[in-house]
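> below is the sequence, then the predicted model.
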Amino acid sequence: MMNREINLETVKKVHFIGIGGIGISAIARMFKGEGKEISGSDRGESKVTEELEQVGIKVFLEQRADNVPDDVDLIVYTLAIPADNPEFMRAKELGVPMLSYPEALGLVSSTKYTIAVSGTHGKTTTTAMLARIFREAKLEPTVVVGSIIPELYSNFVAGKGKYFIAEACEYKRSFLNLNPQAVIITNIDTDHLDYYKDLADIQSAFAELVSKIPTDGYLICDPNDERLAPVLAVAKCQVVDYLVSAKSEEIKLLIPGKHNIKDAQAALALAVTLGVDKPMALEALSHFTGTWRRYEVKGLSPNHVMIYDDYAHHPTEIKATLQGTRESYGPNSNITVVFQPHLFSRTKLLLDDFANSFDDTNTVIVTDIYAAREIDDGTISSRDLVERLKEKNIDARYISDFAEIEQVLKEIVEKGKPGDIVITMGAGEAFQIGENLITHNGYLPG
C-alpha cells in the first residue's frame, strides 16, 4: 500500500521490524507519544532498544513471525531487513499496510514545514545543532536525528511547532520520500557504493532531492563546491551559501575540528534564513556538546589518558576527526585508534583512501570488517588495510579479538601521559572495546 493511502490518525497499533535502528526508533518514539500502541523487534539488545523499553515500548530481541500482532494496523520496517525476514513475510500474509522507514518519515514530512539535512558527512551533527538552535528559539520543532542527543537522552524531539527537522539519508535514495521546503547539503562524497554506481549516480540522487524544493524554499550549501554543480543546475529555489552568510570566526564550539565548524555554519545559515535571531543562534551553538558516538568522551584513566568513541566510517570522516584531534591535543600527544571497517564493499572500493586517512595517528589497531548487510566474498580483509598503513610507516596491527584489543589498549593507557588519546572508531561494535576498557579498569566514565 502506498504511504499516501495511509491515514496515521486512524492507526492505533504499529509494529516495527528493526526497531533498534537509530532512525526508525525515532519514528517509534513519535508514534508512542501520539498514543499509539507500539511493539518492535531487532536482532539483539542495544542502548537504543533499552531506551525504547524504558518509555514503555515492547521490544522482542529475536525476530519471529509470532511477534507480529494479528490485529496490527501498520508495519514499519528498516530497509536493512531481507525479503525472507519472518516478520516481514508474516505481515504480507496478513495483508497489513506496510511502510519502509523512509516512507514513514515522508508521511510525517507531508504535514509539516520540513527541513531536510543531507550530505555524505556531517548531517547528524548538523541536524542536532539545528535542533538545539530551534529549541532555544522556542520554535518547538519536531526532530528526527541519526544519533542520541545527550541532554535529551533521545534521537527524537516531539514538538508542537510547524518545523520538522529530519536527518535525510541518501542510501537507496531514501531522502526522496521527504517533502522539504528547505534542504541543507553539507557535502557530497563517494559512499554507499554497494548501491550507487559512482559519484555521478550519487549526485543524481541529490539533484532529485533539490528539485523537490519549491520556488519559495531554500537550499543551504557551498555553491562553489564542484561536486554540487549538477545539483545546483536543477535548483529553482533560493540558494544560500553557508560559508558566506555565517563566518567561521563567529562560531565558538565545545567540540573540536574544522568540519564541525562547517556544520555549525550550515545550521546557523539555515536558522537565520528562517528568521532566527543570529546572536541567539550563536549562543545556542556555543553550548552544543555533540551527539552519541560523534567524538563522544567515554572516559578518563587515572594518568589522564582520554578515551573517545567516534562513528566515523568513511575516509573523509576519519581524516577530519583525526585532524581535529591533533589540532586540539598537539603534536606531542600519542593518538591510538581502534578502527573497525564497515562493509566489505566500502573497504574494498575506498582502500587507498582509508590508507591515507590515519596520518594524524601514532598507532592504529584494525579489527575484522563489520559485515552489516553484506556477505564476505573473500576479496578484501582488514589485513589489506593494515599492510597499506604499514607501507606509510604507520604503526598498524590487525587484531580480531575484542578482549585482546582491550588488553593492548590497557597497556598503552598505563604507559601513557596526560594528553594522550585512545579513540574507538567505526559504525559497528568497536565502541564496546572502549566501554569495557573503562568498566573493567575502573576508569572515570565520561
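Looks like it arrived, so ask away.

> alpha carbons only for contacts and neighbour counts from here, please
OK.

> contacts only, for the residue nearest the centre of the chain.
Nearest to the geometric centre of the chain sits Gly146, at 4.4 Å (C-alpha atoms, centre = their mean). Applying C-alpha atoms under 8 Å, 6 or more residues apart in numbering to Gly146 gives the contacts Ile22, Gly23, Thr124, Asn155, Glu167.

> what is the burial count for the second one?
By the criterion of other C-alpha atoms under 10 Å, Gly23 has 23 neighbours.

> picking that back up, what's the distance between the residue nearest to the centre of the chain and Asp198?
Distance of Gly146 to Asp198, given as C-alpha to C-alpha, to the nearest Å: 24 Å.

> again, but for Gln340
Here the distance between Gln340 and Asp198 works out to 24 Å (C-alpha to C-alpha).

> okay, these two: which has more neighbours?
Gln340 (25 against 14).

> ramachandran angles for Ile6?
With angles defined as degrees, to the nearest 10, Ile6 sits at phi -100, psi 130.

> how's the chain carved up into domains?
With domains defined by automatic domain parsing, the chain comprises 11-100, 110-286, 296-445.

> could I get these in JSON lines, plus columns for mean pLDDT?
Converted to JSON lines, the domains of the chain look like this (pLDDT from 0 to 100):
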{"stretch": "domain 11-100", "mean pLDDT": "93"}
{"stretch": "domain 110-286", "mean pLDDT": "93"}
{"stretch": "domain 296-445", "mean pLDDT": "94"}
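
> distance to Glu5 added to these, as JSON lines?
Formatted as JSON lines, those follow (distance: least, C-alpha to C-alpha, whole Å):
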{"stretch": "domain 11-100", "distance to Glu5": "9"}
{"stretch": "domain 110-286", "distance to Glu5": "13"}
{"stretch": "domain 296-445", "distance to Glu5": "30"}
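
> just the helices in the stretch 51-200 of the chain please.
Under the criterion DSSP state H, counting those that start in this stretch, the stretch 51-200 of the chain contains helices at 86-94, 101-109, 123-136, 199-211.

> in TSV: those, plus mean neighbour count and distance to Lys390.
As requested, the helices of the stretch 51-200 of the chain are exported to TSV (neighbours: other C-alpha atoms under 10 Å; distance: least, C-alpha to C-alpha, whole Å):
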stretch	mean neighbour count	distance to Lys390
helix 86-94	17	45
helix 101-109	22	41
helix 123-136	25	32
helix 199-211	19	29
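
> and those: which comes nearest Leu79?
Nearest to Leu79, of all those, is helix 101-109, at 7.1 Å by C-alpha to C-alpha.

> if you average pLDDT over that closest one, what comes out?
Average pLDDT, helix 101-109: 90.

> what sits up against it?
By C-alpha under 8 Å, 6+ apart, helix 101-109 touches 3-4, 23-24, 27, 76-79, 164, 174-175, 177-180.

> where exactly do the helices run in the stretch 301-446 of the chain?
Under DSSP H, counting those that start in this stretch, the stretch 301-446 of the chain gives helices at 315-329, 344-349, 351-355, 382-391, 402-414, 431-441.

> could you dump those helices to TSV with distance to Met129?
Conversion of the helices of the stretch 301-446 of the chain to TSV gives the following (distance: least, C-alpha to C-alpha, whole Å):
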stretch	distance to Met129
helix 315-329	17
helix 344-349	28
helix 351-355	28
helix 382-391	34
helix 402-414	33
helix 431-441	23
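
> quick one: closest of those to Glu93.
helix 344-349 (33.8 Å).

> and the closest one, how far from the chain's centre?
Centre-to-centre, helix 344-349 and its host chain are 19 Å apart (C-alpha atoms, centre = their mean, to the nearest Å).

> tell me the buried residues in that helix?
Phe344, Ser345, Arg346, Thr347, Lys348 (16 or more other C-alpha atoms under 10 Å).

> between those, which sits nearest Asn303?
Distances from Asn303 to the buried residues of helix 344-349, taken as C-alpha to C-alpha, are shortest for Thr347 (35.2 Å).

> isn't Leu243 right next to Gln265, touching?
Yes. Leu243 is within contact range of Gln265, at 6.5 Å (criterion: C-alpha atoms under 8 Å).

> who has more neighbours, the two?
Between Leu243 and Gln265, Gln265 has the larger neighbour count (other C-alpha under 10 Å), namely 30 against 17.

> quick check: closest non-adjacent residue to that one.
Ala246 (5.3 Å; C-alpha to C-alpha, 6 or more residues apart in numbering).

> for Phe16, same thing?
Gly40 (4.3 Å).

> what of Lys172?
Using C-alpha to C-alpha, 6+ apart, the nearest residue to Lys172 is Tyr195, at 6.5 Å.

> need phi/psi at the one you found.
Torsion angles, degrees, to the nearest 10, at Tyr195: phi -120, psi -50.

> one more: Gly21?
phi -60, psi 140.

> so who does it touch?
Val48, Thr78.

> which stretches of the stretch 1-150 of the chain form strands?
Using DSSP state E, counting those that start in this stretch, the strands of the stretch 1-150 of the chain run over residues 13-17, 37-41, 58-60, 74-77, 98-100, 113-118, 142-149.

> what's in contact with the first one?
Contacting residues not belonging to strand 13-17 are listed as 24, 28, 36-42, 63, 68-69, 71-78, 81, 87-88 [C-alpha under 8 Å, 6+ apart].
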